[in-house]
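Undergrad: Pasted the sequence and its predicted model underneath.
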Amino acid sequence: MSTSSANRTIEDILLKPDAIPAMPPKTMVKEALEMMTAGRLGLACVVDRKGCLVGLFTDGDLRRLLLRSQKPLSALFADDIIDHARTEFMSVDRHTSISEALSLLQQREIFDLPVLDSAGKLEGVIHLHPALRALLESDGA
Amino acid sequence: MMSKIISVGGGDVATVNIGGAGPLVFLGGPCAIESRDHALEMAGRIGAICKALDIPWIYKSCYDKDCRSSIGSFHGIGIDDGLEILAEVRVTQGVPVVCDFSDAEWAAQTASVVDFIQIPAYLCRQTHVLLAAGETGKPVHLKKGQFMSPWNMKNSVRKIESTGNQQILLTDRGTFFGYNMLVNDYRNFPIMAETGYPVCFDATHSVQLPTSMGNISGGQREFIPALVRAAAGCGINALFMEVHDNPDEALSDANTQLDIRYLENILAQAKATHEVRLSLLSQWGEDNVHVEC
């Protein structure tokens, strides 16, 4: 029996921290890109020592960075990821419904939403594809 | 961005702080320890000049010259005799001393005497050497290799930091420009300063022409004053120069060591340039041309 997506929360489809590329602020850009590639996610979550999210860096940020930066690539690779991460970002909490999360992804035209607890600690990421899959399955499509 | 401040010496010798908006610090002395009497005489003469100019300073001289061009070159006085002489310089002059080491197994013994432990430029990415330096607990003077980009020095810094040691001075001593030639890229100072650590200019090695004379290195000492003024204007926390009373007869780096008769002139200008730069920063603020990416 399928459950309406409106009644399910994102906790059901959350990518847990161990499944997402999370890294300290002083991770080099090169290392961050390797972690993103290994994690098969176009998103790097920059977290402080307490696990709180302090920055996000996406595939799109990388494209824009490459178009703007005049540094040699070797210098860019050696930069700290936090120097290029966005430090203002939208997030949701674990009680958000899947449909609310999907609406945000759609409105912002983004692929990922970080999920934080009340202290700002990273609990996971909502990625578009698992969210869509859950929506389609729950609606019996 | 002001750098952090590292502290060298203390106890039975002067405490010399390097970094922040502090005074320009001088690191100087003969390239190699040639003899006890020569070391003590040079320390006394350099100390008198620095005292007259009110410049904090650290005595530099090395017991082993492992990167000489030729097997026939003077290799150094040796670790035991060299450290004994450096210990005497410390006691008699009350000045902290810096000395490099080129074998990881020498780190602990070297640090048992010196206040500041130095990594030779050619060894700036040798993990065992960097870890050995960091583990001594002494502040580390890390020279950028002539082959290294300034941004890649971050890897070397992190190797030292992995030991828990966060007292590092980063020095530029020139960058290879083809064979047997060095140039100075002054962007290296702000780039290395992005690590948060203070930076230093090694003026005498910067004018070196590495192994340009077949079995020894040449050098163009005439450029030292201009390069020093430029570096101090760009922004450094310390200045490094090898100084000798008779450079032409020096046992190592004869073509680049500065004759001590020029030292006062150059140090006075370096200090004045440094103070003007700090004054300009105070008046106009930190450099604020940013890249929006």
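TA: Received, thanks. Bear in mind the structure is a predicted one, so any value in this text is a computation, not a measurement. Residues are numbered from 1 along each chain as shown, chains lettered A, B, ... in the order given.
Undergrad: those helices in the stretch 151-293 of chain B, which residues are they?
TA: Assigned by DSSP state H, counting those that start in this stretch, the helices in the stretch 151-293 of chain B fall at B:153-161, B:188-193, B:203-206, B:224-234, B:263-284.
Undergrad: To clarify, my last question referred to chain A.
TA: Counting by DSSP state H, chain A has helices at residues A:29-38, A:59-68, A:73-78, A:98-108, A:128-138.
Undergrad: Tell me if the first one is near chain B.
TA: No - if you take C-beta under 8 Å from any C-beta of the partner chain as the test, helix A:29-38 misses chain B, and the best it gets is 10.7 Å. Bear in mind the C-beta positions are built from the backbone N, C-alpha and C, glycine included.
Undergrad: pLDDT at whichever residue of the stretch 1-150 of chain B sits closest to chain A, what is it?
TA: Nearest residue of the stretch 1-150 of chain B to chain A: B:Ser149, at 6.2 Å (C-beta to the nearest C-beta). We have a pLDDT of 97 for B:Ser149.
Undergrad: what's the answer for B:His274, then?
TA: 98.
Undergrad: from what I can see it touches B:Phe26, true?
TA: No - B:His274 lies out of contact with B:Phe26 (C-beta atoms under 8 Å); the separation is 10.7 Å.
Undergrad: and those two? which has more neighbours close in?
TA: Counted by other C-beta atoms under 10 Å in any protein chain shown, B:His274 and B:Phe26 do not tie: B:Phe26 has more neighbours, with 28 against 24.
Undergrad: Secondary structure element holding that one?
TA: strand B:25-29 (DSSP states H and E).
Undergrad: From the contact counts, what lies against that strand?
TA: With contacts defined as 3 or more C-beta pairs under 8 Å, 6 or more residues apart in numbering or on different chains; DSSP states H and E, strand B:25-29 has these neighbours: strand B:15-19, helix B:36-53, strand B:57-60, strand B:238-244, helix B:263-284.
Undergrad: Which helix or strand in chain A has the lowest average pLDDT?
TA: Ranking every helix and strand in chain A by mean pLDDT, DSSP states H and E puts helix A:128-138 at the bottom, with a mean of 79.
Undergrad: Could you pull out the buried residues of it?
TA: By neighbour count with 16 or more other C-beta atoms under 10 Å in any protein chain shown, helix A:128-138 contains the buried residues A:130-131, A:134-135, A:138.
Undergrad: Low-confidence regions, the chain specifically.
TA: Assuming you mean chain A. Applying pLDDT under 70 to chain A flags residues A:1-7, A:139-141.
Undergrad: wait, chain B
TA: B:291-293.
Undergrad: Settle this for me: B:Leu131 is touching B:Leu123, isn't it.
TA: No - the pair B:Leu131 / B:Leu123 is not scored as a contact, 12.0 Å apart, by C-beta under 8 Å.
Undergrad: Look at the two and report which has more neighbours.
TA: Higher neighbour count among B:Leu131 and B:Leu123: B:Leu123, with 23 against 16, using other C-beta under 10 Å.
Undergrad: Who does the residue nearest to the spatial centre of chain B form a beta bridge with?
TA: In chain B, the centroid-proximal residue (C-alpha atoms, centre = their mean) is B:Phe240; its distance is 4.2 Å. Beta bridges link B:Phe240 to B:Leu27, B:Asp202, judged by DSSP bridges.
Undergrad: which residues sit in contact with it?
TA: B:26-28, B:60, B:171, B:173, B:200-205 (C-beta atoms under 8 Å, 6 or more residues apart in numbering or on different chains).
Undergrad: Point out the residues in chain A that sit beside chain B.
TA: Counting by C-beta under 8 Å from any C-beta, chain A sits next to chain B at A:28, A:64-65, A:68-70, A:72, A:74-75, A:78-79, A:84.
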